[in-house]
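K.L.:
Take this sequence and fold it.
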Amino acid sequence: MKKALGLLTVALFVGVMVRGLLAQGLMDKFVPVTEKDLENPNPADWLMLGGNMEHWDYSPLEQINRKNINQLQLVWARQFSTQGGRAGSSPIIHNGIMYLITPVDIVTAIDAATGSRLWEYKPELAGFGPGRGLIHHHYYNVTRGISLYGDKIFTVNADNTMVALDARTGEVLWSVSRGNDGYVANTSGPIVAHGIVIAGGSCQNAPFGCYVTGHDIETGKELWRNDVIPHPGQPGDDTWGGAPFENRWCTGIWGQIVYDPVQNLVHYGSSGTCPASDWERGVAGRNATLAGTDTRWAVRPDSGEVVWRRQLISQDNWDQECTFEMMLVDTPMHPNPNAEGMLAANSNISEKKVRTLVGMPCKNPVFWALEADNGKFFYARETFHGAENIYKSIDPVTGVPTINQDVVYDHEGKKIFYCSSHSGGRDGQVAPAYDPKRNIMIEATGNICTEEYSRDDRKPIPEYTYNVVEKQVQNPNVPLMKDGQYPVGQITAVDVGTGNTIWQYQQHAYNYSAVLATAGGLLFNGDGARYFFALDTDTGKKIWETRLGSMCCGYPVTYAVDGRQYIAVVAGYGRNSLAPEIDNITGDNMVYVFSLPESSSDRDRKRSQKEK
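P.N.:
Coordinates of the predicted model:
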């Protein structure tokens with residue numbers, strides 16, 4: 001017996017040593033990431049949320065393609081923390097190492113070919129002030145991304161501390177507090193732009209508006225800070241209908257920040273404000289457009305200087321949150337005013353090639369196209385005709401929206417029916433993809449409406465956030481649908497240059513993960529029924545699917561190690577599928593990794609390479 005235990009101990013020790021040597025071998029090969037790498041990534045890597053600076057969610061890898069997709073199989077999976085939150089993040093991969101942030105701000109380095117852990121960082125959170133940032137961050141969201149530059153990993157913890165980790169070891173190199181009042185969380189992670197670390201923030205329950213900060217990459221020192229809501233006397237102050245500055249709450253920049261290295265501009269968007277109701281804000285009938293809310297911003301990364309801004313929704317009464325990423329595309333631009341779902345198209349525009357900011361930045365299902373260097377309006381179109389009822393009109397030349405006052409809380413006790421609801425349209429990590437081969441953007445959305453009323457029976461306070469109640473509280477899993485439809489998930493492909501619909505895929509379950517496009521002619525997405533699936537990019541037809549243990553809710557990514565392509569996705573969140581008959585499970589937070597079967601010659605080649 002003693003001999004058997006001794007042999008077991010030796011075997012375990014040898015196993016630990018082997019794993020340690022493998023980990024050390026990967027880290028010994030670590031190559032610092034340069035600005036050139038970020039601007040022109042190695043196709044084998046996935047260096048940032050969105051895959052590249054332009055946030056295309058696209059990969060030129062094509063080993064996995066529409067001809068062999070049916071051979072795709074699971075090669076490894078890994079569970080991670082379920083404490084305090086749901087999964088929803090994007091792995092980043094560099095030289096065969098996967099870095100992944102999970103609930104409670106744990107950052108893990110993983111062998112991207114095998115799933116073996118290399119190191120793990122668990123933060124020690126600082127003290128909190130009176131706010132609820134910790135609760136909001138941990139219960140509702142996991143940070144969607146982290147940033148890699150040089151030999152450092154950058155993240156923002158739940159206590160609003162920005163941290164730099166050694167990418168080889170996970171050791172903390174520096175940490176800087178951005179304010180520990182407890183109100184501010186960060187749910188999309190920082191980015192690196194022109195050598196500056198930049199991060200936004202969510203102020204969902206805060207008695208103030210949020211900010212974006214820029215930091216020195218070597219020390220973390222704060223270099224600049226941009227508040228979102230105008231202070232008294234600042235431009236836009238007069239658009240708040242006389243509401244006191246101390247009553248301008250909640251507005252944040254919790255969506256992904258995107259950097260354009262061509263024009264040296266950082267692009268981000270802001271959310272709405274609290275409470276939702278014009279009546280409760282005390283501004284009903286005062287033409288309060290609320291400058292700073294639901295606005296696109298373009299700023300210089302070195303200084304935070306605002307180069308241009310454009311408000312996409314004024315008078316937000318609906319939690320529409322125009323904070324999501326927009327992609328950067330060089331494209332011909334000939335907007336088609338007759339395209340399906342077109343709300344407004346600037347017929348004065350005809351360009352052979354123009355740098356365009358394009359995407360679905362708000363929760364309503366509207367694609368916007370703007371000139372990237374100045375915010376000039378090109379077009380705005382719905383996923384299909386009649387998908388939303390918040391806009392009364394959009395000026396085809398200026399792009400300035402006029403709001404449908406029928407869905408504004410302009411008097412006490414008013415009930416409103418609006419599309420899309422705060423559940424989407426689109427939400428959170430449901431990021432679009434851009435396919436440069438076809439010049440199409442592809443977005444997953446939900447055809448969801450809601451009927452609500454404001455809680456006029458109580459005084460609004462930041463803790464109540466929007467202070468509204470959905471009418472169908474007796475069955476929250478069955479939302480109201482336009483024209484009585486059941487919930488339907490949909491993926492829409494749109495020609496970037498014209499706004500024309502190329503194809504649309506529809507299904508019963510809601511889609512709640514980002515879209516990944518590849519040069520292999522594939523689109524990957526996941527839904528509330530726990531399916532992870534692939535569509536043909538040319539036709540929008542489903543050609544592969546597999547069922548996961550829980551809902552697919554992260555950012556699918558693809559990468560290659562030793563010449564073998566992998567597809568990875570995070571799952572675990574159990575949000576209702578918006579149809580009670582759909583089998584939806586709140587399961588463990590997992591990362592799943594798929595690949596094609598290896599041939600014996602592939603294995604022999606890899607073995608030979610390792611022996612050398």
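
K.L.:
now the stretch 151-300 of the chain, which segments are flagged as low pLDDT?
P.N.:
Counting by pLDDT under 70, the stretch 151-300 of the chain contains no low-confidence range.

K.L.:
ok, the closest residue to residue 189 other than its chain neighbours to residue 461 distance?
P.N.:
Counting by CB to CB, 6 or more residues apart in numbering, residue 189 lies nearest to residue 145, which is 3.8 Å off, once chain neighbours are set aside. (Each C-beta comes from the backbone N, C-alpha and C, glycine too.) Residue 145 sits 32 Å away from residue 461, going by CB to CB, to the nearest Å.

K.L.:
Between the two, point out the one with more neighbours.
P.N.:
When residue 145 and residue 461 are compared for neighbours, residue 145 comes out ahead with 25 against 13, by other CB atoms under 10 Å.

K.L.:
Contact partners for that one?
P.N.:
48, 49, 89, 90, 92, 101, 188, 189, 256, 555 (CB atoms under 8 Å, 6 or more residues apart in numbering).

K.L.:
For residue 292, see how far away it is.
P.N.:
25 Å.

K.L.:
and residue 130, how many neighbours does it have?
P.N.:
Here the count is done by other CB under 10 Å, and residue 130 has 8 residues near it.

K.L.:
Quick check, it in contact with residue 182.
P.N.:
Yes: with the criterion set as CB atoms under 8 Å, residue 130 and residue 182 qualify as a contacting pair; they are 6.1 Å apart.

K.L.:
And the pLDDT at the residue nearest to residue 285 when sequence neighbours are not counted?
P.N.:
With CB to CB, 6+ apart as the criterion, residue 285 has its nearest non-adjacent residue at 6.4 Å, and that residue is residue 410. According to the model's per-residue confidence, residue 410 sits at a pLDDT of 95.

K.L.:
Quick check: the gap between residue 410 and residue 96.
P.N.:
Noted for residue 410: a distance of 58 Å to residue 96, by CB to CB.

K.L.:
Of those two, which one has the most company?
P.N.:
Residue environment comparison for residue 410 versus residue 96 gives the larger neighbour count to residue 96, 20 against 17, counting by other CB under 10 Å.

K.L.:
Nearest spatial neighbour of that one, chain-adjacent residues omitted?
P.N.:
Across the structure, with CB to CB, 6+ apart as the measure, the residue nearest residue 96 apart from its sequence neighbours is residue 561 (4.5 Å).

K.L.:
Next, the contact list for that neighbour, please.
P.N.:
Going by CB under 8 Å, 6+ apart, residue 561 touches 44, 96, 112, 113.

K.L.:
Repeat the analysis, applying 7 Å as the threshold.
P.N.:
With contacts taken as CB atoms under 7 Å, 6 or more residues apart in numbering, residue 561 has the following neighbours: 96, 112, 113.

K.L.:
Same question for residue 592.
P.N.:
Residue 592 makes contact with 74, 77, 548, 568, 569, 571, according to CB under 7 Å, 6+ apart.

K.L.:
And it, which helix or strand is it part of?
P.N.:
Secondary structure assigned from DSSP states H and E places residue 592 in strand 590-595.

K.L.:
Residue 187 is in contact with residue 252, isn't it?
P.N.:
No: between residue 187 and residue 252 there is no contact under CB atoms under 7 Å: 9.0 Å.

K.L.:
and for the two, which residues touch both?
P.N.:
Residues touching both residue 187 and residue 252 (CB under 7 Å, 6+ apart) are residue 202.

K.L.:
quick one on the thing from earlier: just give me how far the strand holding residue 592 sits from the chain centre.
P.N.:
19 Å (CA atoms, centre = their mean, to the nearest Å).

K.L.:
Look at residue 20 and report its pLDDT.
P.N.:
For residue 20, pLDDT reads 49.

K.L.:
If you could redo that for residue 58, that was the one I meant.
P.N.:
98.

K.L.:
Same check on residue 477?
P.N.:
51.

K.L.:
How about the one 4 residues further on?
P.N.:
Confidence per residue is given as pLDDT, and for residue 481 that number is 65.

K.L.:
Then residue 34?
P.N.:
Note on residue 34: pLDDT of 96.

K.L.:
tell me the phi and psi of the nearest residue in space to it that is not next to it in sequence?
P.N.:
Of all residues beyond its chain neighbours, the one nearest residue 34 is residue 150 (7.8 Å), with distances taken as CB to CB, 6+ apart. With angles defined as degrees, to the nearest 10, residue 150 sits at phi 60, psi -130.

K.L.:
quick check, nearest of the contacts of residue 561 to residue 230?
P.N.:
For residue 230, the closest of these turns out to be residue 112, at 45.3 Å, with distances computed as CB to CB.

K.L.:
Now do the strands in the stretch 451-600 of the chain.
P.N.:
468-470, 489-495, 501-507, 516-518, 522-526, 531-536, 542-547, 551-552, 557-561, 564-573, 590-595 (DSSP state E, counting those that start in this stretch).

K.L.:
repeat for the stretch 1-150 of the chain
P.N.:
58-59, 73-79, 92-94, 97-102, 106-111, 117-121, 147-149.

K.L.:
and what of the stretch 301-450 of the chain?
P.N.:
Taking DSSP E, counting those that start in this stretch to define them, one finds strands in the stretch 301-450 of the chain at 306-311, 327-333, 342-345, 351-359, 366-371, 377-382, 391-394, 401-403, 415-419, 433-435, 440-446, 449-454.

K.L.:
Rebuild those as TSV, extending it with distance to residue 106 and mean neighbour count.
P.N.:
Putting the strands of the stretch 301-450 of the chain into TSV (distance: least, CB to CB, whole Å; neighbours: other CB atoms under 10 Å) gives the following:
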stretch	distance to residue 106	mean neighbour count
strand 306-311	35	18
strand 327-333	29	21
strand 342-345	43	23
strand 351-359	30	19
strand 366-371	35	25
strand 377-382	39	26
strand 391-394	41	16
strand 401-403	41	18
strand 415-419	38	18
strand 433-435	28	26
strand 440-446	27	26
strand 449-454	35	20
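
K.L.:
right, so of these, which gets closest to residue 27?
P.N.:
strand 433-435 (31.6 Å).

K.L.:
Show me what that closest one is in contact with.
P.N.:
For strand 433-435, the surrounding residues in contact (CB under 7 Å, 6+ apart) are 56, 57, 58, 327, 329, 441, 442, 515, 516, 517, 523, 537.

K.L.:
could you redo the last one with a cut-off of 6 Å?
P.N.:
Contacts of strand 433-435 with the rest of the structure, by CB atoms under 6 Å, 6 or more residues apart in numbering, involve 56, 57, 58, 327, 329, 441, 442, 515, 516, 517, 537.

K.L.:
could you redo those as CSV and give each row distance to residue 349?
P.N.:
Converted to CSV, these look like this (distance: CB to CB, whole Å):
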residue, distance to residue 349
56, 22
57, 26
58, 25
327, 18
329, 15
441, 17
442, 23
515, 26
516, 30
517, 26
537, 27
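
K.L.:
And for residue 122, nearest residue in space, chain neighbours not counted?
P.N.:
Excluding the flanking residues, the one nearest residue 122 by CB to CB, 6+ apart is residue 106, at 5.4 Å.

K.L.:
same question but for residue 566, I mixed them up
P.N.:
Take residue 566 and drop its neighbours on the chain: the residue closest to it by CB to CB, 6+ apart is residue 595, 4.9 Å away.

K.L.:
what is that neighbour paired to in the beta sheet?
P.N.:
According to DSSP bridges, the partner residues bridging residue 595 are residue 73, residue 566.
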